[in-house]
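K.L.:
structure for the following, please:
(chains A, B and C)
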Amino acid sequence: MATTQPETYLEDLNPAQREAVLTTEGPLLVVAGAGSGKTRVLTRRIAHLLAAVGAKPPEILAITFTNKAAAEMRERLEDLVGPPARAAWVMTFHAASGRILRREAPRLGYRTNFTIYDSADQLRLVKRCLEELDRDPKRFTPRGIHSQISNAKNQLIGPAEYASRVSSFYDQTVADVYELYQQKLFSSNAVDFDDMLYLAVDVLERFPEAAEKWQSAFRYILVDEYQDTNHAQYRLLRILSAKHENVFCVGDPDQSVYSFRSADIRNVLDFEKDFPGAKTLTLDQNYRSTNAILESANTVIRHNRERKDKNLWSELGDGEPVRVVEVEDEHAEARYVAAEIALLVEQGYSGSEVAVFYRTNAQSRVLEDVLVRQGVAYQVIGGPRFYERAEVKDLVAYLQVIDNPYDAVSLVRIANRPRRGIGDSTLARLQSYADGQGISLWEATEFAEEAGVGAAPQKAVRAFRTIIESCMSGALELEVPELIERVLEQSGTIAALEAERTIEADGRIENLQELVSDQDAIRGEGSLVTLMTLHNAKGLEFRAVFLIGLEEGIFPHSRSIEEHGVEEERRLCYVGMTRAMEKLTLLHASSRMLYGGRSYNLASRFLDELPEQWVERDQLRPASWSNYGAPKGSVATRENVPTLSAGDSVRHGTLGEGVVLRLEAGGVAVVRFASDGSERRLMLDYAPLEKI
DNA sequence: ACTCATCGATTTTTT
DNA sequence: ATCGATGAGT
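P.N.:
As a prediction, the model looks like this:
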């Protein structure tokens, strides 16, 4: 740290960026357009605080939304200032709130080892409440009720206040569930994700001595993606910054795409009002995209009414026009994208420099089919996540019960997993016995007989207790990886999965092993084309970007047209477009399969909003079957298609070297690749294959 | 307690 | 089309 000099961390900053780094005192809002170097500003600012302002690492609180963003920031910071950076609080809102809450929980009657319930746990708990209140599950879906409760917490509206504002029978049910739900959380010594913020704010607002402690601790607070903050997060910032008043928020209102999870754009728009004496800076020089891309994105976003005008510019030249392509249907769309990717790879692009974005996850399917067939190596970002996979959640639930046996949701989850003969009726008997005796479900498992449980399940319950108790004693003496192994072994999880003898079960075992073994080894595959939703694309950049499904009803999505209005969808479009550095292609299909039927959608309104002088439009009509879906003006089939036979060695543009196993009808070669041992079916006309 | 069939919904996502 | 949840049957 001592060796970090201002000239090192300031030299490659433009004047606006420099000012954002150097204005350390007082509230500061930085409106940072796409690609304007905001992460750079954030890390340099922390470096500056440490090196020149004399702040100590633990006095800095830098907040992000995702763990990934936090990890990246920590890494970049450590590169810049070295190991002392590790003592700074660089973490997510939830992690920071959680850390505060662990210390302050006793003030609210929670114990410090409270369990954190994720959204699946929350849903299960809501369901239990609904059953207990005996409400019609058709009218009151757990999902709908939970989303109301979650929104309420994000607005810092507690059960009592919610109940006082009820204006319909539905609301009344939500209010009743909300109250019961909180009671159940409390008696399980558990908090849900929303509570982490809600309760952190609550404890700081109600206990001034607690607030004072944390306010003094954080001399400098920095917030990334400020446009995504909700009211609870905003209030947390207000409290934490009240003493030193050094809040630095970076965000781009044009990239606010999370209103559905209570993000409130007013936090950005009202910043100067909320934080007296605040200054605002704008970063509008873009270091990522060509003018064609930037002007197109600027022109689209200018159609939003609720917006502060801002105009991104760059010095990277005009570049190629943005391409708008109409295709026949989703299959032609996928084929076009795959063929274009093959061309790009031939031109020297790496697969990892190319991305395809779509509005909804379901759209990846057809694309994946075609990419697999054409041998384009890809990765899909998003979808079901590692920690949400059932087997991983089961394991985590075991660990939670071992640490906090009052955690009834986790206990119910694992009681019969793997199957050991503890069914719903057994659990229901235990639960009602527990309720009657005023004890926890875990304690009730000791009195299975008294609870009226039959003979066979009694034995199962006793066996289950033995498993948990054995793991509890293991928890005292073992390291985490060994404990996990003991849990997997004692619980019979591994044995049950092995007995299944299916590919799926093998995958689950692998997932569990992955959790125990080195986290870094997750995968380091080479040059993969990236497929993801527009929401996941935020913050990333690619040399070439394909945005598919630009049709009314798809994007903008019909649900948003009905509900939130179309401006957030337009911002999403803006986010997608501004990810592209050099090449941007926007596609729409004349028709596509939707919900089991074929629908004919108009081209997206966003396509009408593009500046014609920066755009080139292609319409692809199938001239013949063989050329169906091939890009106009370019021959998708390559000129020198290699003549191959089984046993030949080949090299693929993205997959590397492999051996031809056999040839199939329709010009398909089955190739096994050396890099990962995978077997793929490649269409010779398209796949970038050469004989070696 | 577990297996299979029918019904209904179906945007986006993090913690 | 597809997935998940619920309910009847074994």
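K.L.:
for DNA strand C, what's its nearest residue on chain A.
P.N.:
Closest residue of chain A to DNA strand C, C-beta to the nearest atom of the strand: residue A:596 (2.6 Å). Placement of C-beta: from N, CA and C, glycine included.
K.L.:
neighbours around the nearest residue to residue A:481 once chain neighbours are set aside, how many?
P.N.:
Computed as C-beta to C-beta, 6 or more residues apart in numbering, the closest residue to residue A:481 that is not its neighbour in sequence is residue A:516, at 5.1 Å. Per other C-beta atoms under 10 Å, the neighbour tally for residue A:516 reads 15.
K.L.:
pLDDT score for residue A:516?
P.N.:
You'll see residue A:516 listed with a pLDDT of 77.
K.L.:
gap between the closest residue to DNA strand B within the stretch 101-250 of chain A and residue A:118?
P.N.:
Residue of the stretch 101-250 of chain A nearest DNA strand B, by C-beta to the nearest atom of the strand: residue A:193 (3.4 Å). Using C-beta to C-beta, to the nearest Å, we find residue A:193 at a distance of 6 Å from residue A:118.
K.L.:
what's the answer for residue A:36, then?
P.N.:
As for residue A:36, its distance to residue A:118 is 34 Å (criterion: C-beta to C-beta).
K.L.:
more neighbours, these two?
P.N.:
Just comparing residue A:36 and residue A:118: by other C-beta under 10 Å the higher neighbour count belongs to residue A:36, 26 against 14.
K.L.:
now do the SS call for the more buried one.
P.N.:
Three-state call for residue A:36 (DSSP: H, G, I helix; E, B strand; the rest coil): coil.
K.L.:
and it, what's its pLDDT?
P.N.:
In this model, residue A:36 carries a pLDDT of 95.
K.L.:
so who does it touch?
P.N.:
A:17, A:283-287, A:312 (C-beta atoms under 8 Å, 6 or more residues apart in numbering).
K.L.:
and it, how close does it get to residue A:44?
P.N.:
Taking C-beta to C-beta, one finds residue A:36 at 14 Å from residue A:44.
K.L.:
residue A:462 too?
P.N.:
61 Å.
K.L.:
do the same with residue A:71
P.N.:
Taking C-beta to C-beta, one finds residue A:71 at 18 Å from residue A:44.
K.L.:
higher neighbour count, these two?
P.N.:
residue A:44 (25 against 13).
K.L.:
does anything pack onto the host helix or strand of that one? Which helices or strands?
P.N.:
Counting by DSSP states H and E, the element that carries residue A:44 is helix A:38-48. Where contact means 3 or more C-beta pairs under 8 Å, 6 or more residues apart in numbering; DSSP states H and E, helix A:38-48 is packed against helix A:6-10, helix A:15-22, strand A:28-32, strand A:60-64, helix A:67-81, strand A:220-223, strand A:247-251.
K.L.:
ok, back up a step: just the buried ones from the contacts of residue A:36?
P.N.:
Neighbour counting with 16 or more other C-beta atoms under 10 Å marks A:17, A:283, A:285-286, A:312 as buried within these.
K.L.:
now the closest residue to DNA strand B within chain A, nearest residue through space, not along the chain?
P.N.:
Ranking the residues of chain A by distance to DNA strand B (C-beta to the nearest atom of the strand) places residue A:423 first, at 1.0 Å. Spatial nearest neighbour of residue A:423, excluding adjacent residues (C-beta to C-beta, 6+ apart): residue A:416 at 6.6 Å.
K.L.:
need the contact list for that neighbour.
P.N.:
Taking C-beta under 8 Å, 6+ apart, we find residue A:416 in contact with A:422-423, A:427.
K.L.:
near the residue of chain A closest to DNA strand B, how many other residues are there?
P.N.:
Counted with other C-beta under 10 Å, the neighbours of residue A:423 add up to 13.
K.L.:
same deal with residue A:15?
P.N.:
8.
K.L.:
mind pulling up the pLDDT for it?
P.N.:
Looking at residue A:15, its pLDDT is 95.
K.L.:
what of residue A:664?
P.N.:
Confidence for residue A:664, expressed as pLDDT, is 67.
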